[in-house]
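S.K.: Structure here, sequence nowhere to be found:
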């Protein structure tokens, strides 16, 4: 039986055509999986190595964002430095820190599952059926129904327009 994570590519690969060879080091693909009754998920097997130990899971726009420990540590350190330099309240930096600094570094249990914090589950509206999609340098964890609502023809048209701007 095909594992749902088989649709993913997470390790560096070379994509070739008669015109181009590009090394990809980002997450690519989509996978369906489930949230168990205790709030645990399994990271697709092909992403485990790339995510490494204790990935960082935080708030996204209607979803959860999953970063490698190293990437999360870098942006947390950068944000900390910027916040230390602000002498007065900065609403933009405060909003950014509310999203990025209120996640958690999560460990796998002995059976390869990650326990999601209840506050993150509630925020993202996660139910049993989940979809993990690529965010480029991170993964996005969506409730299946919420993602379907986001994937409207209008959303696709807007994405195409963004590509054509260059």
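M.R.: Nice, I can see it. Note that the structure is a prediction, hence the values are computed from the model and not measured.
S.K.: Mind jotting down where the strands sit in this protein?
M.R.: Counting by DSSP state E, the chain has strands at residues 13-16, 21-24, 30-34, 40-42, 56-59, 64-67, 104-105, 113-115, 129-134, 139-143.
S.K.: Relative to residue 84, which of these is closest?
M.R.: strand 56-59 (20.4 Å; C-beta to C-beta). Glycine gets a C-beta too; all of them are placed from N, C-alpha and C.
S.K.: for this structure, what are the low-confidence residue spans?
M.R.: Applying pLDDT under 70 to the chain flags residues 1-25, 86-87, 93, 99, 153-157, 159, 162, 166.
S.K.: and residue 107, how many neighbours?
M.R.: Residue 107: 11 surrounding residues under other C-beta atoms under 10 Å.
S.K.: And for the one 4 residues further on?
M.R.: Residue 111 is surrounded by 7 other residues when neighbours are defined as other C-beta under 10 Å.
S.K.: and the gap between it and residue 50?
M.R.: Residue 111 sits 20 Å away from residue 50, going by C-beta to C-beta, to the nearest Å.
S.K.: would you turn the strands of the chain into a markdown table with mean neighbour count and distance to residue 94?
M.R.: Formatted as a markdown table, the strands of the chain follow (neighbours: other C-beta atoms under 10 Å; distance: least, C-beta to C-beta, whole Å):
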| stretch | mean neighbour count | distance to residue 94 |
| --- | --- | --- |
| strand 13-16 | 10 | 39 |
| strand 21-24 | 10 | 35 |
| strand 30-34 | 16 | 33 |
| strand 40-42 | 20 | 30 |
| strand 56-59 | 22 | 14 |
| strand 64-67 | 24 | 18 |
| strand 104-105 | 16 | 20 |
| strand 113-115 | 17 | 28 |
| strand 129-134 | 20 | 28 |
| strand 139-143 | 24 | 23 |
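S.K.: Skip the chain neighbours and tell me the closest residue to residue 26.
M.R.: Spatially, and ignoring its direct neighbours in sequence, residue 26 is nearest to residue 136 (4.9 Å; C-beta to C-beta, 6 or more residues apart in numbering).
S.K.: Quick one: list the elements packing against the top helix by length along the chain.
M.R.: Using DSSP state H, we find that the single longest helix of the chain is helix 69-85. For helix 69-85, the elements it packs on are strand 56-59, helix 91-100, judged by 3 or more C-beta pairs under 8 Å, 6 or more residues apart in numbering; DSSP states H and E.
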